[in-house]
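**Student:** Quick check, what structure comes out for this input:
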Amino acid sequence: MGTGLGTVEEGALMIGTNLLERRSKPERIADQAWQHLASAVNTAGDSIRDTARSARHTSANLADDAGDLVGSAAEEARRRATRAFDALAGRSPALPWTLLIGAALVGAAIGWAAGTAARAAGSHDRAADDIEFVDVQRPDSPAETDR
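**Tutor:** All right, here's what the predicted structure looks like:
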């Protein structure tokens, strides 16, 4: 006969059920409408939370990208402003030491490669100069008979 609950809980459940059955039809409809509304609000709240979370991640990525862009633009603007201020003050621009050192290293590497190639080509020619050519007269050669 019981639902597995204690006697006090069974009594409260039966009283609650009897009270629900005794309500008027408009009260039951209003209760169902309230439950549907609460369910819809909860579902909408979950959807809004998911959308807000997605929008927050997207906006954070966009903000990072925009921050990088603004940061690089600000750095370029700062560099140009410094150069303009130096030019107005009559100071000559600093030498680009990194570029000069890099060009010197590239030039040294090209010179070393050209020198090595020239030495290799020169040693090949010397080997050809070391060969001695010997005139060999054959007994059947026409040069001997004509003499």
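**Student:** switch to C-alpha atoms for all contacts and neighbour counts from now on
**Tutor:** Noted.
**Student:** center of this protein, which residue is that?
**Tutor:** Of all residues in the chain, the one closest to the mean position by Cα atoms, centre = their mean is Asp65, 11.3 Å from it.
**Student:** where does it land in three-state SS?
**Tutor:** Recorded secondary structure, Asp65: helix (DSSP: H, G, I helix; E, B strand; the rest coil).
**Student:** what's the spacing between it and Ala52?
**Tutor:** If you measure Asp65 against Ala52 using Cα to Cα, to the nearest Å, the figure is 20 Å.
**Student:** Also Asp86?
**Tutor:** Going from Asp86 to Ala52 by Cα to Cα gives 49 Å.
**Student:** Next: Leu99.
**Tutor:** 49 Å.
**Student:** Over to Ala121?
**Tutor:** For Ala121, the distance to Ala52 under the criterion Cα to Cα works out to 73 Å.
**Student:** which residue ranges form the helices in this structure?
**Tutor:** In the chain, the segments counted as helices under DSSP state H are 7-22, 25-88, 97-129, 142-145.
**Student:** For Asp135, which of those helices is the nearest?
**Tutor:** Nearest to Asp135, of all the helices of the chain, is helix 142-145, at 12.5 Å by Cα to Cα.
**Student:** What average pLDDT does that closest one get?
**Tutor:** Here helix 142-145 scores 56 as its mean pLDDT.
**Student:** Equivalent analysis for stretch 89-99, please.
**Tutor:** Predicted confidence along stretch 89-99 averages 83 (mean pLDDT).
**Student:** how long is it from one end to the other?
**Tutor:** With Cα to Cα as the measure, the first residue of stretch 89-99 is 25 Å from its last.
**Student:** Kindly report the same for stretch 86-99.
**Tutor:** Taking Cα to Cα, the span from the opening residue of stretch 86-99 to its closing residue is 21 Å.
**Student:** Give me the contact list for it.
**Tutor:** Arg83 (Cα atoms under 8 Å, 6 or more residues apart in numbering).
**Student:** Repeat the analysis, applying 6 Å as the threshold.
**Tutor:** Stretch 86-99 has contacts (Cα atoms under 6 Å, 6 or more residues apart in numbering) with no other residue.
**Student:** Thanks a lot, see you next time.
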